[in-house]
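1. Structure, please.
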Amino acid sequence: MAVDRCDGGRAGNRRCRHVYASPSAFAAGSLVAVVGGPPPNASIESFAISADGTRIVVAAGSQNTSSLFLRPLNSFAYQKLSGTEGAWNPFWSPDGRSIGFFTLGKLKVVEAATGAVRTLCEAGLGRGGSWSRSGDIIFASGALGPLYRISASGGKRTQATWIDSGRGETGHRWPQFLPDGRHFLYFTAAAEYDRFGISIGDLDSHNARRIIAADTNGSYIPTPAARPDTCCL
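-> Numbering: from 1, shown residues only. A predicted model of the protein is given here:
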């Protein structure tokens, strides 16, 4: 699940903290541990919970600097991940072994176990990323413009969505892969506030479909097995 926590003003002019949390974290009730304090002498800017609901990574810092800190949800002891200075808006790989994050205009990946950091590509002022089980990453490089796609192993980034100027769209951000690893949700900003919404995109085509009007991003959460044809958004 992903949630924007915003302080006043319209989208684009307000300060938002983006939060990623897996559906399993809510189902297991482990999200309550998030209310624990930040790392010493730091404030939390954004955080993400691993897909299995057992660990949290936070982007936290002070005096205009930040780094990634990792801890189990059943503990309050943080481990600082070196080489992640300036990090924000982290997101997990599906297997929980790696964490994607944005820093200094680049998209990077850090290995949770070893702390090894590698750079994937240029990413501007990253506005959210998502990692599929097939190894694709989609991300926003800023508040304006389309989403991009890159392999988690590296390579060249390619465009994943296309701005529909006929609808007054200005930017796509806060993507989230759906379970099939090909389709994804994302937030669409527009020149007119009443045209903001949530859309669904497809890696295999340029087709996109607006599914609901909204002034913030949405998240896919599967419903119980008794209703397999539905989901919460």
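2. where do the helices sit along the chain?
-> With DSSP state H as the definition, the chain shows helices at residue ranges 23-27.
3. Quick check: which ranges of it have low pLDDT?
-> 1-36, 223-233 (pLDDT under 70).
4. try it again with 50
-> 1-33, 35, 226 (pLDDT under 50).
5. residues in contact with Ala214?
-> Phe187, Phe196, Gly197, Ile198 (Cβ atoms under 8 Å, 6 or more residues apart in numbering). Every residue, glycine included, has its C-beta placed from N, CA and C.
6. so which of the residues you listed is the most crowded?
-> Top of the contacts of Ala214 by neighbour number is Phe187, holding 25 neighbours under the definition other Cβ atoms under 10 Å.
7. Grab the two from the contacts of Ala214 that are most spread out in space.
-> In the contacts of Ala214, two members sit farther apart than any others by Cβ to Cβ. They are Phe196 and Ile198, at 8.7 Å.
8. so what sits against both of the two?
-> Residues touching both Phe196 and Ile198 by Cβ under 8 Å, 6+ apart: Phe187, Thr188, Ala214.
9. and the last one, what are its phi and psi?
-> Translated: Ala214. Note on Ala214: backbone dihedrals following degrees, to the nearest 10 are phi -160, psi 150.
10. What's the separation between it and Cys121?
-> Here the distance between Ala214 and Cys121 works out to 29 Å (Cβ to Cβ, to the nearest Å).
11. Please apply the same query to Arg71.
-> According to Cβ to Cβ, Arg71 stands 28 Å off from Cys121.
12. Same check on Val110?
-> 15 Å.
13. the more surrounded of those two?
-> Neighbours around Val110 and Cys121, counted as other Cβ under 10 Å, are more numerous at Val110. The numbers are 23 against 17.
14. Kindly state the beta-bridge partners for the more buried one.
-> Taking DSSP bridges, one finds Ile99, Val117 as the beta-bridge partners of Val110.
15. Begin at 52 from now on, thanks
-> Let's use 52 as the start, then, which means that last one is Val161.
16. which residues touch it?
-> Leu119, Leu132, Gly134, Thr135, Ser149, Ile150, Phe152, Ala167, Val168.
17. and the third one, how many neighbours?
-> With neighbours defined by other Cβ under 10 Å, the count for Gly134 comes to 14.
18. so what's it up against?
-> Taking Cβ under 8 Å, 6+ apart as the contact definition, Gly134 lies against Val161, Gly166, Val168.
19. got the CA positions of stretch 162-176 in CSV?
-> Presented in CSV, the C-alpha positions along stretch 162-176 are these (Å, rounded to 0.1, in the frame of the first residue of the first chain):
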residue,chain,number,x,y,z
GLU,A,162,21.4,-4.5,-1.0
ALA,A,163,19.8,-4.9,2.4
ALA,A,164,22.2,-7.6,3.6
THR,A,165,25.5,-6.3,2.5
GLY,A,166,24.9,-2.5,2.1
ALA,A,167,26.4,-2.6,-1.5
VAL,A,168,25.0,0.4,-3.5
ARG,A,169,24.8,0.7,-7.2
THR,A,170,23.4,3.4,-9.5
LEU,A,171,20.8,2.5,-12.1
CYS,A,172,20.1,5.7,-14.0
GLU,A,173,19.4,9.4,-13.9
ALA,A,174,16.1,10.1,-12.0
GLY,A,175,15.7,13.8,-11.3
LEU,A,176,13.6,14.5,-8.3
